[in-house]
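> Sequence and predicted structure are below.
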Amino acid sequence: MQNVDQRTSIKEEMDVIIHLSEEPVVLQKRMAELSGIFFTVEDTKKAEAAVNVQQQQVIQEMNTGNIRYKNIHTYKTVLNAISTTIDSKDKDQLLSIKGVLHIELNVEAKAMGLASAPSDTVMGTEGDPVYSEIKALWNEGLEGQGVKVAVLDSGIDKNHPDLKAAYKGGRNFVDQSDPEKYSCLRADDDPSETSPDERPIQAPEKYPSTGAPFATHHGTHVAGILAGNNRNGVKGVAPKVDLYAYRVLGAYTGGDISTIIKGIEEAVLQKMDIINLSISDDSDLESHALSIAINNAVLAGVVAISTAGNTGSVRGTVRAPGTSRLGISVGNSTLSDEVDSSSSRGPSRPNFDIKPDIVAPGTEILSTMPRYGVEGSLEYEGAYKQETGTSQSAPYIAGVAALIKQAHPKWTPYDIKVALSNTAKVLNTKTYTVFDQGAGRVQPYAAVHPAILAYTTEEVDVNGAGKIVENKKGTVTFGAVPLTENVSITKTIVVKDSKGDGGIYDVQVHTTYPFQGAKVTVDQSSFILDGECLLQVTLTACENEHPKYRDEILGYIHIVKQDQTVEVSLPFAADFSDGATVTPAIEEFSITKKDISFSNVEVEDTVHVTLSITSDLSYPSLEIIDYISKEPIDSLFYDNGMSLGTRKFPVNRNYTSSWTMQDTTLQDGIYSVDFTGAAKSTLLTNSIGPVFIKSMNPIIEGSIDGLHLSGQITDQYIDFNNTLIEHGNGFDLNDKLHAFYSVTIEKKTGRQVPFLLNQDGSYSVKLDSYQAEKNFVTIVITDEAGNTTEKLLS
């Protein structure tokens, strides 16, 4: 593969990561082991030498070809790559050098946390839905003792009373040599959070495009969820781990990919058991540099946990390194066992892999905050804060993984991932697909003490360049399955008895998203487990000549012990779309009435906006706009994402504002209802208007002079019309106000006769007959919104 990442820069210089063809050391070692070859220390040296030789050859070719570069750094452990800055004009020449696979932009990644509003509900580890399970594991003496965990983040406040005991060391990888960015240098062994004192005068206090403050706290918050020791109020999931902090994010909680990879390499070299990356880039590709680095870290024996991202709730929003095939990608669940709307969704590309792998508590999590160098417990009394995001969910899983590793020290990263996945609680499948929740919400006690493990083994392109390794996992991914003919694909599920209890198990297939002509079956509806059992899972589907976007089958395979004491689940997915796409569009945007009166109680149940979209959208918003000034008034609906399809939104007098979350009353006036939503780079918009909210009845004045009936109607529609006329957009008043009269003669009322109003509301009508002493006239005015007034004249 030889290509350049399509996110090219128009600047003269570009920061890049150059991927090379020689396998990195970790991958060479793993490939040898898969072939049954013992990889010696001498073999490691040879592998390093081969990587070094290729890197030097490429650099020499760059020199020979007069390719200008600067700020060069090489990687050899989890990637064979060179990070540097080149001139944009040289990229094609660089690609032509022997051994260069592809070039990726070295862009900035961000932490994945969101601020939470103050809440009466404290959802630290003690408030989450599974706290009792964590507490039971602590009572068994499982608190992470002896497990080395590195948090790759913005640093740590190592003096925080809740973290001081767990902290064992760290590294700083952020370059602070540019005086325009930092006011001072930083030692390599100082992973402290970025302090306000390190901001130079010319650097803004907040980053212009994001509003992120210069000083950081994210890594400290993440570390508290993982390893806080409750000295001052927060106890992490695994409070007795050996905690290491690798500062890979600097000021404004940002850091480039190349710096993060340095941290991953260091974690592998220092033989960390677990790494946590509450970090995301803006790519859903499995071949992203961070995802490849995570893959290779797992091959080295490291449990690698990362966030799915906070760009949900639209399909395909999972972000690297959460797209890693071998790593554990974590989504965010709430106190009420819902998937948080901000949590990113799968699948990852291009293999339709099920991501996130699992979800964990991450909404309104109370954890530790830094105090930037101060010491003493009094200064830390208020050093806590609630935050929300997959950043908070990932360290929860890292903590549970540490407890599993302590209980099962010989288990591989694959075993730990399978245990987490198998034992998760599947959340509401009518609301959430496998790409929303993965295997489900973590159940820590069951994950540490699984009765059985059930997994498939698949071949994975671990580096995006065709290097295939085996991946053992607790999901069944069929991937892309073009239906150019009838297909039948079989995969094997290995069920292992972890405790030696044996027993009879039933197997059930629950298809949550069916596709006509396709089904997933298992060859055994029940089995007796004696050590190990093999189940054959088969996907069959009929030929389909006209594939469409979202042609797929999703669901779960449940393996349940007949006495109901054990249940494990494996999510499955297959894509039949054959690459079919859809043009993002709004197929329908309508309202049942454009003239609305809330004086009629029945209206509350009948007025709604219908929206039909052809693709998933990010950040959909349904806003009420002042039709005249075009200023937004309020929002009827807002979310992080919206799936394709049709939905209805009620329009009521009293509603809850999506902006303020306060009860709000929609006042009479002229409005438009506007919709906006983003489908990747396409912004979809539509507007309905003018919409008239009118609850006042017309006022009728009139008199009869002989056969002449005349008078004046006073009504909001007249005011509305005058306002619209001033802006060149009036209407015929008789389209909004419907006037009738009837004559009653000797107690017999005649038919209603329509008549026209003048545009100012005045009227003049000649009656056919009228006797003042014997007759009277009834005038009825009904407006388009449904308000009615009657007036008797005599």
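Perfect, I can see it now.
> how deep is Gly211 tucked in, by neighbour count?
Number of residues near Gly211 (other C-beta atoms under 10 Å) recorded here: 8. C-beta: built from backbone N, CA, C; applies to glycine.
> Check the gap between it and Phe755 for me.
Here the criterion is C-beta to C-beta, to the nearest Å. By it, Gly211 lies 60 Å from Phe755.
> what do you get for Glu545?
63 Å.
> The two: which has the busier surroundings?
Counted by other C-beta under 10 Å, Glu545 and Phe755 do not tie: Phe755 has more neighbours, with 16 against 6.
> wouldn't the more buried one be in contact with Leu767 here?
No - using C-beta atoms under 8 Å, Phe755 makes no contact with Leu767, being 10.3 Å away.
> so where's the chain uncertain?
The chain contains residues with pLDDT under 70 at 1-11, 112-128, 232-233, 373-378, 600-605.
> what are the ranges of the helices in it?
25-34, 41-64, 91-95, 131-139, 218-227, 257-269, 289-299, 390-407, 413-422, 434-437, 444-448, 716-726 (DSSP state H).
> Which of those sits closest to Leu617?
Leu617 sits nearest to helix 434-437 of all the helices of the chain, at 15.8 Å, using C-beta to C-beta.
> Which residues does that closest one contact?
With contacts defined as C-beta atoms under 8 Å, 6 or more residues apart in numbering, helix 434-437 is touched by 313, 315, 331, 333, 339, 343, 345-347, 354-356, 358-359, 426-427, 475, 512, 554-556, 571-573.
> Name the surrounding residues that touch stretch 49-65.
Contacts of stretch 49-65 (C-beta under 8 Å, 6+ apart): 18, 20-25, 28, 69, 72, 74, 76, 80, 82, 90, 93-94, 97-100.
> I'd like to know how far the closest residue to Asn351 other than its chain neighbours sits from Lys417.
Counting by C-beta to C-beta, 6 or more residues apart in numbering, Asn351 lies nearest to Gly479, which is 5.1 Å off, once chain neighbours are set aside. The gap separating Gly479 from Lys417 is 19 Å, by C-beta to C-beta.
> ok, back up a step: out of the helices of the chain, which is the most enclosed?
helix 218-227 (a mean of 32; mean count of other C-beta atoms under 10 Å).
> so how far is it from its chain's centroid?
21 Å (C-alpha atoms, centre = their mean, to the nearest Å).
> now swap in stretch 168-178 and tell me
Offset of stretch 168-178 from its chain centre (C-alpha atoms, centre = their mean): 30 Å.
> for that stretch, which positions count as buried?
Of all the residues in stretch 168-178, those buried under the rule 16 or more other C-beta atoms under 10 Å are 170-174, 176.
> residues contacting the residue nearest in space to the middle of the chain?
Nearest residue to the geometric centre of the chain (C-alpha atoms, centre = their mean): Ser344, 1.9 Å. Ser344 makes contacts with 280, 307-312, 317-319, 322, 331, 356, 390, as judged by C-beta under 8 Å, 6+ apart.
> Out of these, flag the one nearest to Glu784.
Nearest to Glu784 among these is Gly312, at 41.2 Å by C-beta to C-beta.
> how many neighbours does the closest one have?
25.
> what's the answer for Gly503, then?
Per other C-beta under 10 Å, the neighbour tally for Gly503 reads 16.
> partners of Gly677 in the sheet?
Beta-bridge partners for Gly677, by DSSP bridges, are Leu684.
> Leu483 contacts His546, doesn't it?
No - counting by C-beta under 8 Å, Leu483 sits too far from His546 to count as a contact (9.7 Å).
> Look at the two and report which has more neighbours.
Leu483 (20 against 8).
> backbone phi and psi for the more buried one, please?
Dihedral pair for Leu483: phi -100, psi 60, per degrees, to the nearest 10.
> Could you pull up the residues touching it?
By C-beta under 8 Å, 6+ apart, the residues touching Leu483 are 541-544, 547, 576, 578.
> and Glu746, how many residues sit next to it?
7.
> so how far is Gln437 from the residue lying closest to Ser421 once chain neighbours are set aside?
Leaving aside its sequence neighbours, Ser421 sits nearest to Gly474 (C-beta to C-beta, 6+ apart; 3.2 Å). Distance of Gly474 to Gln437, given as C-beta to C-beta: 14 Å.
> For Gly331, the count of nearby residues, please.
Neighbour tally, Gly331, other C-beta under 10 Å: 36.
> Just the buried positions in stretch 529-536, please.
Buried residues in stretch 529-536 (16+ other C-beta under 10 Å): 529, 533, 535.
> Which residue is the nearest non-sequential neighbour of the second one?
If you skip the residues right next to it in sequence, Cys533 has Val495 as its closest partner in space, 4.6 Å away by C-beta to C-beta, 6+ apart.
> That neighbour pairs with what?
Beta-bridge pairing for Val495 (DSSP bridges): Ala454, Cys533.
> Around it, count how many other residues there are.
Val495: 21 neighbours (other C-beta under 10 Å).
> and what of the one 5 residues further on?
By the measure other C-beta under 10 Å, the count of residues near Gly500 is 9.
> Could you report the distance from the residue nearest to Asn351 to Glu485?
Between Gly479 and Glu485 the distance is 17 Å, computed by C-beta to C-beta.
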